[in-house]
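In: I need the structure of the sequence given here:
(one chain, ligands or ions: 1)
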Amino acid sequence: MRSGSGGASPRRRSDPGGSGELSRFSVATTASSASERSVSGAGRGASFLDAFRSCFVPLEARSPETSMSDDFHPSHQLSQSVSSQGSNSGSTFGSKRSIKGMYSPMHRNSSDREMPGSTKFSLPQIQKATKNFSPNLKIGQGGSGTVYKGQLADGTLVAVKRAKKNVYDKHMGREFWNEIETLQRIEHLNLVRFHGYLEFGGEQLIIVEYIPNGNLREHLDCVNGKVLEFSLRLEVAIDVAHAITYLHTYSDHPVIHRDIKSSNILLMNNYRAKVADFGFAKLAPTDSSHISTQVKGTAGYLDPEYLRTYQLNEKSDVYSFGVLLVELVTGRRPIEPKRSIIERVTAKWATEKFVGGNAIQTLDSNLEANDAINLAVEKMYELALQCLAPTKRNRPSMRRCAEILWSIRKDYRELVVPTSAMN
Ligand SMILES: Nc1ncnc2c1ncn2[C@@H]1O[C@H](COP(=O)(O)OP(=O)(O)OP(=O)(O)O)[C@@H](O)[C@H]1O
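Out: So this is what the prediction gives:
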C-alpha cells in the first residue's frame with residue numbers, strides 16, 4: 001500500500017529493507033494456494049526454541065474437511081442508513097454504541113444500490129470537499145481504493161476512501177459494505193471515527209475522521225526524517241491493544257479486524273494511535289466450528305492456524321498484533337526479502353535472538369539502547385512470543401496483552417525517571 005502525507009503533496013516512503021509492498025490478499029481457493037503464500041522457516045521440534053520456531057514453519061495446508069459454508073455473515077437486522085456522527089467517548093475502552101438497525105447491503109437488491117446510500121452526504125458535497133478528487137489531496141492508496149483528504153463545508157477535515165471501480169471483482173463491493181457495517185457498529189478513541197458513506201453513480205465512498213500524522217509504517221521508516229522514539233512506540237502498542245480489545249470484547253458483537261498491520265495504524269499529531277481499515281473485518285463467528293471460505297489478511301501478519309484451518313477467531317488478530325510488536329521494536333517490516341535468509345522473516349529472526357539472550361541486537365538501529373529500553377524490549381518479545389504461538393489456544397487475549405503492556409510501560413517509566421528524581 002502506498003500512502004502520502006496528510007498535506008497536499010504525496011509523501012514518499014523509504015524502503016530500507018528493500019522489502020517493497022506486502023501483499024494484501026484473500027485466499028479463497030484450495031489450500032495449496034495457502035501454502036504457497038505462507039512464510040517458510042525452521043523445522044519443528046520439542047524444545048522451547050523449536051516450539052516458537054514452529055510459528056514460522058511452512059504450513060501443510062489442507063482443504064477444510066467439513067463442508068464449507070459461505071463466509072460468515074451476521075444475521076442482519078434491516079435498518080436505516082446511519083451516518084454515525086457520535087462523539088468519541090474518550091474512555092479507555094470506549095463506550096458501547098448500540099446501533100439498533102444495522103444496514104444490510106447483502107439484503108438489498110441491485111436497484112437499491114443505485115440509490116444514494118447516505119443520509120448525510122451527497123456526491124457534489126464530497127466532490128467539493130475533495131476538489132473533485134484532486135490528485136493533490138490523495139493521501140493514501142490501498143488495495144481496495146484511494147484515500148483523499150477533504151474538507152466539509154463546516155470545516156471538518158475528513159478522509160474519503162474511494163473504492164476501486166472493478167466490475168469484475170465482486171469482493172471489492174463486499175469490502176466496501178463490510179467496512180461500513182463495521183464502522184457503524186463501533187466507537188472508540190483508538191478507532192477511526194465514521195462520518196458516513198455514499199454509493200451513487202458508480203461511486204462508493206466512505207467518509208471517516210481525517211488522521212493528520214500519517215501511518216505507523218511511515219513513522220517507522222522515518223519518512224518525516226524523525227525517529228519514532230521508544231516511549232511513543234510503547235504508547236502506540238497500548239493504543240492498538242485497547243482498540244482491538246474493544247473490538248473483541250466491548251462492541252455490540254465481537255468484531256475481528258483481520259488486517260492489523262502498521263499501515264493501518266494511523267497517528268494523531270500527539271501520536272495517539274487509531275486503527276483504520278475495516279474492509280476485511282468480520283463479526284466473530286458464534287459457532288466455533290465455523291469454516292470460512294476465504295482467508296483474508298496481509299502476508300507477514302497472517303495467523304498460520306487460520307490459514308491452515310480456515311477457522312476464524314479473535315486470536316488471529318492477536319497473532320497479527322504479535323507481528324506488530326516485533327515491528328515496533330525492530331522498525332523492520334514483517335518480511336524483508338532483500339535481507340539474508342536468517343533475517344528475512346523479522347518475527348522469526350527477532351524472537352530467536354530474544355530466546356538466545358540477544359534481544360537488544362534487534363532494536364531498531366535508529367534508537368539508542370538504555371536500561372529502560374532493554375527491559376521493555378525483553379518483555380515486549382516475551383509477549384510477542386505468546387501472541388505468535390502456533391495455535392490460538394496458547395495466545396493471550398487482547399485484553400491480557402493490554403494489561404501486560406501497561407505493566408511494561410510502568411516499569412519503563414520507573415527506569416527512565418527514577419522515583420527518587422520525582423520526589
Ligand atoms: N482516516 C484517514 N486519515 C488519514 N489518512 C488515512 C486515513 N485512512 C487511510 N489513510 C491513508 O491511506 C492509506 C491507505 O488506507 P486504506 O484504508 O485505503 O488501505 P487499504 O485500501 O485497505 O490498503 P490495503 O489494501 O493495503 O490494506 C493508509 O495507510 C493511510 O496512510
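In: in the longest helix seen in the chain, what's buried?
Out: Ranked by residue count and defined by DSSP state H, the top helix of the chain is helix 398-416. Neighbour counts over helix 398-416 (16 or more other Cβ atoms under 10 Å) mark 398, 399, 400, 401, 402, 404, 405, 408, 409, 412, 413 as buried. (Each C-beta comes from the backbone N, C-alpha and C, glycine too.)
In: not counting sequence-adjacent ones, nearest residue to the closest residue to the ligand within the stretch 301-423 of the chain?
Out: At 10.3 Å from the ligand, residue 301 is the closest residue in the stretch 301-423 of the chain, using Cβ to the nearest ligand atom. Leaving aside its chain neighbours, residue 301 sits nearest to residue 320 (4.2 Å; criterion: Cβ to Cβ, 6 or more residues apart in numbering).
In: what about the one you found, which SS state?
Out: Look at residue 320: counting by DSSP: H, G, I helix; E, B strand; the rest coil, its state is helix.
In: what about it, neighbour count?
Out: 28 (other Cβ atoms under 10 Å).
In: quick one: contacts for it?
Out: With contact set as Cβ atoms under 8 Å, 6 or more residues apart in numbering, residue 320 has these partners: 257, 259, 260, 261, 297, 301, 302, 303.
In: element containing residue 213?
Out: Following DSSP states H and E, there is no helix or strand that holds residue 213.
In: ditto for residue 326
Out: Going by DSSP H and E, residue 326 is in helix 315-330.
In: one step back: pretty sure the residue of the stretch 301-423 of the chain closest to the ligand contacts residue 325?
Out: No - the criterion here is Cβ atoms under 8 Å, and residue 301 misses it with residue 325 at 11.5 Å.
In: which ones among the contacts of residue 320 lie within strands?
Out: Counted as lying in strands by DSSP state E, out of these, are residue 297.
In: now the longest helix of the chain against helix 315-330, angle please.
Out: Counting by axes from the mean of the first three to the mean of the last three Cα atoms, to 10 degrees, helix 398-416 lies at 20 degrees to helix 315-330.
In: who are the packing partners of helix 398-416?
Out: Packed against helix 398-416 by the contact rule (3 or more Cβ pairs under 8 Å, 6 or more residues apart in numbering; DSSP states H and E) you find helix 230-245, helix 315-330, helix 371-387.
In: need those in TSV with distance to residue 394, can you?
Out: Listed next are these as TSV, based on distance: least, Cβ to Cβ, whole Å:
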stretch	distance to residue 394
helix 230-245	18
helix 315-330	9
helix 371-387	7
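In: report the closest residue of the stretch 251-400 of the chain relative to the ligand.
Out: Counting by Cβ to the nearest ligand atom, the stretch 251-400 of the chain gets nearest to the ligand through residue 277 (3.6 Å).
In: and that residue, its phi and psi?
Out: phi 70, psi 90 (degrees, to the nearest 10).
In: show me what contacts it?
Out: Listed by Cβ under 8 Å, 6+ apart, the contact partners of residue 277 are 142, 179, 259, 264.
In: hmm, try it at 7 Å
Out: Applying Cβ atoms under 7 Å, 6 or more residues apart in numbering to residue 277 gives the contacts 259, 264.
In: same question for residue 350.
Out: 326, 329, 330, 362, 381.
In: wasn't it part of a strand?
Out: No - counting by three-state DSSP, residue 350 is not part of a strand but helix.
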